[in-house]
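> what would the 3D arrangement of this be:
(chains A and B)
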Amino acid sequence: DAGITQSPRYKITETGRQVTLMCHQTWSHSYMFWYRQDLGHGLRLIYYSAAADITDKGEVPDGYVVSRSKTENFPLTLESATRSQTSVYFCASSEEGTQYFGPGTRLLVL
Amino acid sequence: SQQGEEDPQALSIQEGENATMNCSYKTSINNLQWYRQNSGRGLVHLILIRSNEREKHSGRLRVTLDTSKKSSSLLITASRAADTASYFCATGRSGAGSYQLTFGKGTKLSVIP
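Here you go, the predicted model:
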């Protein structure tokens, strides 16, 4: 199906482990985004990308790494997971300013 | 920091009534958008209004924008139980980086059948 997908949908990991969240879109949108959603904070931008091989920090980038070797993929890596990174993570792509969101990944760091 | 702030934080109405949510923001914007999020799901785009527009309609949705007051409102007419969700405003800033959006914390709407 066309659209934007995220995997895994649920992930439990331990403090200190590396975790990679995947995001894939089929529209060939130039812009892609990673957000985290936490109670009391709403959605906060972690990283975004304007095109393949172009990425930039958002509001809360510390502890995260992104890459974008292909237009359709935008993985987010937690290099050494911490409990404070327990959250719901959303990937989005953008066309003419409107953003299209994936279903989210619920991450629990123990 | 959050750009948009929705008001109220929570709203409970009867089916068939109208629901009004407000959003205030702080800096100059290129556009303002409203998104809906059903529980456990991703956000879905509802409507976009540009800074040079004052009102826009889409089905049962009506959005207004007052750039002098830096505020917007979303009106859902004749609400249905299926409208139960959280609603977020998001602002796209002027100039470079206009593709970025800054989201508010949302209004949680409950429509009681």
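> for B:G106, see how far away the residue nearest the centre of chain A is.
By CA atoms, centre = their mean, chain A has its centre lying nearest to A:W34, at 3.4 Å. To B:G106, A:W34 is 19 Å away according to CB to CB, to the nearest Å. Just so you know, the C-beta spots here come from the backbone N, C-alpha and C atoms, and that holds for glycine as well.
> over to A:Q85?
A:Q85 is 21 Å from B:G106, where distance means CB to CB.
> from the chain's centre, how far out does stretch B:44-60 sit?
Here the centre of stretch B:44-60 is set off from its chain's centre by 9 Å, with CA atoms, centre = their mean, to the nearest Å.
> give me the buried positions along it.
Residues of stretch B:44-60 classed as buried: B:45-49, B:56 (neighbour count, 16 or more other CB atoms under 10 Å in any protein chain shown).
> gap between B:L75 and A:R36?
B:L75 is 30 Å from A:R36, where distance means CB to CB.
> more neighbours, those two?
Between B:L75 and A:R36, A:R36 has the larger neighbour count (other CB atoms under 10 Å in any protein chain shown), namely 24 against 14.
> and the more buried one, that's in a strand?
Yes. Under DSSP: H, G, I helix; E, B strand; the rest coil, A:R36 falls within a strand.
> so who does it touch?
A:R36 is in contact with A:43-44, A:46, A:60, A:85, A:87-90, counting by CB atoms under 8 Å, 6 or more residues apart in numbering or on different chains.
> nearest residue to it other than its sequence neighbours?
A:S87 (4.3 Å; CB to CB, 6 or more residues apart in numbering or on different chains).
> so the one you found touches A:G40, yeah?
No. In this structure A:S87 lies outside contact range of A:G40 using CB atoms under 8 Å: 11.7 Å.
> and A:D1, what pLDDT?
According to the prediction, A:D1 has pLDDT 56.
> please apply the same query to B:D7.
86.
> try A:R106
Looking at A:R106, the pLDDT reads 97.
> next, count neighbours for it.
Quick note: A:R106 (other CB under 10 Å) scores 15 neighbours.
> what helix or strand is it on?
strand A:105-109 (DSSP states H and E).
> report whether that strand contacts chain B.
No. Using CB under 8 Å from any CB of the partner chain, we find that strand A:105-109 stays clear of chain B, coming within 8.6 Å at best.
> partner strands of that strand, with direction?
Note on strand A:105-109: by DSSP bridges, its sheet partners are strand A:10-13 (parallel), strand A:87-95 (antiparallel).
> give me the buried positions along the shortest one.
The neighbour-count criterion (16+ other CB under 10 Å) identifies A:11, A:13 as the buried residues of strand A:10-13.
> let me know the next secondary structure element after it.
strand A:19-25.
> just how off-centre is that following strand within its chain?
Relative to the centre of its chain, strand A:19-25 is centred 7 Å away, using CA atoms, centre = their mean.
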